[in-house]
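J.: got a predicted model here, sequence first, then my questions.
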Amino acid sequence: MSGQRARFRRKQTLLRWVVLVVVFLFFVLPLLGMLDFTTQGPGGQGRTLATWRTLADVSTISVDYPALREGFLASVGLAVITPVVMLLLLVPTMTWVRLRLPGLSRTVEFICLLPLTVPAIVLVVGLTPVYAWVYYFLGSSTLTLALAYVILVLPYAYRSLDAGLRAIDVRTLSEAARSLGASWFTVMWRVILPNLRTAVLSASFLSVALVLGEFTIANLFSKKNLQVAMYELGKSDAKISVAVGLAALVFGFVVLFAMSFVGSARAGTSPFSRLRRRKEPSA
Amino acid sequence: MAESATARPAGALRRLRPSGALAGVVPFFAYTTVFLLIPTLVVVIGAFLDGDNRFTLGNLDGLSSPSVVRGIVQSLVLSAVTSVGGAAIGGLLAYAVSTARDGSVTKRFFTSLCGVLAQFGGVALAFAFIASFGGTGLLTVLLGKVGVSTGTGFWLYEWDSGLMLVYLYFQIPLMLIVFLPAVEGLRPQWREATETLGGTTWTYWRRVAAPILFPSFVGATLLLFTNAFSAYATAKALVSQGSPLIPLQIGSTFTSEVILGQENLGKAMALAMVAVVAVVMAVYAWLDKRASRWMQR
């Protein structure tokens, strides 16, 4: 029986590695193609690191490629504003609905998941008249795109925040805080939010990833974010823009890979295990 | 307001309280109304209005013009092929990854890689393929060495060959992310129980795992379908001439000068897209509810 088990394990391991290697090759070859392309010398002869040297030189790149600099700064700004607006909008609302208006929870869920059925390209069509007003009130800065991006991230943010809220007892926590004289603001800021740390982190991270990769809305509203800058640069200076694309992918991978270690460490410290650990010294 | 509230007896005040609670959700509903519901209504209503804001069914007639029909059909075919292909390969990948130990570097590596490839997508992916299959591109050279000619390289920009390959490149990672939780929900006890009862590996897959995974698998495939159907960036970055897909056609009504009276054709096309995605998502939601029965741990 144990021999059969071992044989099964060996077969499973073999299958695993065959599949993983084949798919990995499919994933990695185009990326190597990017690397290869950016290091090709003039006329496809020899190797040169000139492209990467230009990219690493921040002062040159911001002078020679002002569009890239503009797009990068805009994307960074959007990646800060979008998660902040999303959290300000969702965390209080979802907590409040749980505490005081449970009857509305289905409606809120429906609205939050609605963007899944509205492709970004459709949202652009519908948002045009709305943005005429946004430009009128807030000016036509690229950063106004954050308002539309909040809608795009709504379903993903809702799901992770909902999972986070489900894991804690919002009612007991807030009643305990209120009976000790805390204001609603204190309840939100010092009781609910710290308990939602992991969910807030993952919702924010999803938003940042989505914002950094967004192209459709920015391009059709003629705003320059990182992706649009890359796309436009691709027509005139392909090497630099391919290098930027590769750098963005590698950067994203490194961040996600690092997050996967941090995330699991956090998951280990659930409220209960933390309680238990805190009790141990006194016991 | 405040005066009338104080003037009322306590009982009335208590009845008023729910409206006080409602004030807490006003910002959320105001925001989503302006940036989600109004845009949706603009599309839905605009699809039935002509240039002078009068009701018309002319835009829907415009949908039956040959170029629009071709765009819709090609989008549907592209999405169907890449979602089924992506689901099959991605499903196998998800199983392979799920057999790795929890928290092992292999598992973390693949989930992170797939997270990036599925999310970041768009322009960078298109560049990756253009760079690899260009005249002196790595894959052109590699394939040339083993005797496979990639021809003129124009196939990369065709919706039924190159685009499918590039779309698969973000569909497979998305499948891993969506399907992995379902595969990990398979408990080793179920396999052991099958073996105890004398079943083979085939019996286990045929009679236990497949029926359990089926709703999740179909659900994930539908999600991949909507993902490909709504994708715009990758196609835009690859295709520079013509608009073979419906998202590109909507985009072009947006940027180019449209013929008078056709301003709302884009909205009609957008409405058609929403209709397709809504149907698919409704089936997905129903399947997801069924699938989640097995996911409770």
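T.: Happy to help now that I have it.
J.: which elements pack onto the lengthiest helix in chain A?
T.: Across chain A, the helix with the greatest residue count (assigned by DSSP state H) is helix A:2-38. The elements that helix A:2-38 packs onto, with contact taken as 3 or more C-beta pairs under 8 Å, 6 or more residues apart in numbering or on different chains; DSSP states H and E, are helix A:238-268, helix B:66-98, helix B:105-120, helix B:122-133, helix B:138-145, helix B:162-184. Backbone N, C-alpha and C define where each C-beta goes, glycine included.
J.: any buried residues in the shortest one, and which?
T.: Within helix B:138-145, the residues that count as buried by 16 or more other C-beta atoms under 10 Å in any protein chain shown are B:138-142.
J.: could you check the angle helix B:122-133 makes with it?
T.: Between the direction of helix B:138-145 and that of helix B:122-133, the angle (axes from the mean of the first three to the mean of the last three C-alpha atoms, to 10 degrees) works out to 30 degrees.
J.: show the average pLDDT along helix B:138-145.
T.: Averaging pLDDT along helix B:138-145 yields 77.
J.: hmm, B:Val42 and A:Pro129 touching each other?
T.: Yes: in this structure, A:Pro129 is within contact of B:Val42 by C-beta atoms under 8 Å, at 5.9 Å.
J.: quick one on the thing from earlier: beyond the longest helix of chain A, next helix or strand please.
T.: Note on helix A:2-38: by DSSP states H and E, the next helix or strand toward the C-terminus is helix A:50-56.
J.: for the nearest residue to B:Ala228 once chain neighbours are set aside, what are its contacts?
T.: If the residues on either side of it in the chain are set aside, B:Ala228 comes closest to B:Ser79, at 4.0 Å by C-beta to C-beta, 6 or more residues apart in numbering or on different chains. By C-beta atoms under 8 Å, 6 or more residues apart in numbering or on different chains, the residues touching B:Ser79 are B:225-226, B:228-229.
J.: same list (those residues) but as JSON lines, adding secondary structure.
T.: Compiled in JSON lines, the contacts of B:Ser79 are given as follows (DSSP: H, G, I helix; E, B strand; the rest coil):
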{"residue": "B:Phe225", "secondary structure": "helix"}
{"residue": "B:Thr226", "secondary structure": "helix"}
{"residue": "B:Ala228", "secondary structure": "helix"}
{"residue": "B:Phe229", "secondary structure": "helix"}
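J.: which parts of the stretch 151-297 of chain B are helices?
T.: In the stretch 151-297 of chain B, the segments counted as helices under DSSP state H, counting those that start in this stretch are B:162-184, B:188-196, B:201-203, B:210-230, B:233-238, B:246-255, B:265-291.
J.: avg pLDDT for the third one?
T.: The one in question is helix B:201-203. Throughout helix B:201-203, pLDDT has a mean value of 86.
J.: ok, residues contacting that helix?
T.: Helix B:201-203 is contacted by residues A:8, B:194 when judged by C-beta under 8 Å, 6+ apart.
J.: format the helices of the stretch 151-297 of chain B as CSV; extra columns: mean neighbour count.
T.: As requested, these are arranged in CSV below (neighbours: other C-beta atoms under 10 Å in any protein chain shown):
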stretch, mean neighbour count
helix B:162-184, 23
helix B:188-196, 13
helix B:201-203, 12
helix B:210-230, 22
helix B:233-238, 24
helix B:246-255, 20
helix B:265-291, 19
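J.: which one of those lies nearest to A:Val58?
T.: Between A:Val58 and the helices of the stretch 151-297 of chain B, the tightest spacing by C-beta to C-beta is seen for helix B:233-238, at 25.6 Å.
J.: to the chain's geometric centre, what's the distance from the closest one?
T.: For helix B:233-238, the separation from the chain centroid amounts to 15 Å (computed by C-alpha atoms, centre = their mean, to the nearest Å).
J.: counting by contacts, list what it packs against.
T.: Helix B:233-238 sits against helix A:216-220, helix A:226-236, helix B:122-133, helix B:162-184, helix B:246-255, with contacts defined as 3+ C-beta pairs under 8 Å, 6+ apart.
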